[in-house]
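**Q** no sequence on hand, only this structure:
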């Protein structure tokens, strides 16, 4: 098979002036949120990669999007997994005025595969949406970024805890609930005797067929 070719950039063109201005206007909020989230990602997802983007919308509001992903494969112990998260922080045009609120929304998805003596797969996701008050005065952007990162950490922490609780419940009672401890007769079914009865029935049918044959 031929080797895959590495993409090579052959030309580049500068961004239009309006896009440059949009990126520069959103940079303070983008940089503040990236700095605040980086500690959370490195602490909770050591293999995670974080990217944060920002732009100014036509109406004057600022939209910041943070994406991070992490994956881990432990083949000797028969498990692998991956996680993806996307959080969006929207600042209104009147972000510096009294009683202004920013909108924080996010979604997270995780996939885990366990393959010792079989295949077990977990595929789950969660969404959040909340409002954050914006303080006035100098340092408001940094304060908002720290508040957003704290809410992200809290939401994901609660999600991790709930997921762990469901696993414990599944291990303790969920699987057992799928099986009836005793049949309706309240006595255990003896499979060995059932196999003997089945063999006896089969032999009886064979003998009957032999007697009927001319």
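**A** Now that the structure is in, tell me what you want to look at. Because the structure is a prediction, the values reported are computed rather than measured.
**Q** so the nearest residue to residue 81 once chain neighbours are set aside bridges to which residues?
**A** Once flanking residues are discounted, residue 81 sits nearest to residue 112: 4.0 Å by CB to CB, 6 or more residues apart in numbering. The way it works is simple: take the backbone N, C-alpha and C, and place the C-beta from them, glycine included. Beta-bridge pairing for residue 112 (DSSP bridges): residue 81, residue 122.
**Q** start at 237 instead
**A** With 237 as the first residue, the last one maps to residue 348.
**Q** helices of the protein, residue ranges please.
**A** For the chain, the helices defined by DSSP state H cover 253-280, 376-405, 411-413, 427-448.
**Q** mean pLDDT for these: which is lowest?
**A** Mean pLDDT values for the helices of the chain show the minimum at helix 411-413, a mean of 58.
**Q** let me see the contact set for residue 383.
**A** residue 368 (CB atoms under 8 Å, 6 or more residues apart in numbering).
**Q** hmm, residue 355 and the residue nearest to residue 317 touching each other?
**A** No: Residue 348 lies out of contact with residue 355 (CB atoms under 8 Å); the separation is 11.5 Å.
**Q** higher neighbour count, these two?
**A** residue 348 (16 against 9; other CB atoms under 10 Å).
**Q** how far away is the more buried one from residue 304?
**A** 17 Å (CB to CB, to the nearest Å).
**Q** same question for residue 376.
**A** 25 Å.
**Q** neighbour count winner among those two?
**A** residue 304 (22 against 17).
**Q** for that one, list each beta-bridge partner.
**A** Applying DSSP bridges, one finds that residue 304 bridges with residue 286, residue 321.
**Q** tell me who's in contact with it.
**A** 273, 277, 281, 284, 285, 286, 287, 320, 321.
**Q** how near is the residue nearest the centre of the chain to residue 306?
**A** Centroid-nearest residue in the chain, with CA atoms, centre = their mean: residue 345, separated by 2.1 Å. According to CB to CB, residue 345 stands 12 Å off from residue 306.
**Q** give the contact list for residue 272.
**A** Neighbouring residues of residue 272 by CB under 8 Å, 6+ apart: 381, 382, 384, 385.
**Q** distance of the closest residue to the first one other than its chain neighbours from residue 379?
**A** Read it as residue 381. Leaving aside its sequence neighbours, residue 381 sits nearest to residue 268 (CB to CB, 6+ apart; 3.7 Å). For residue 268, the distance to residue 379 equals 9 Å [CB to CB].
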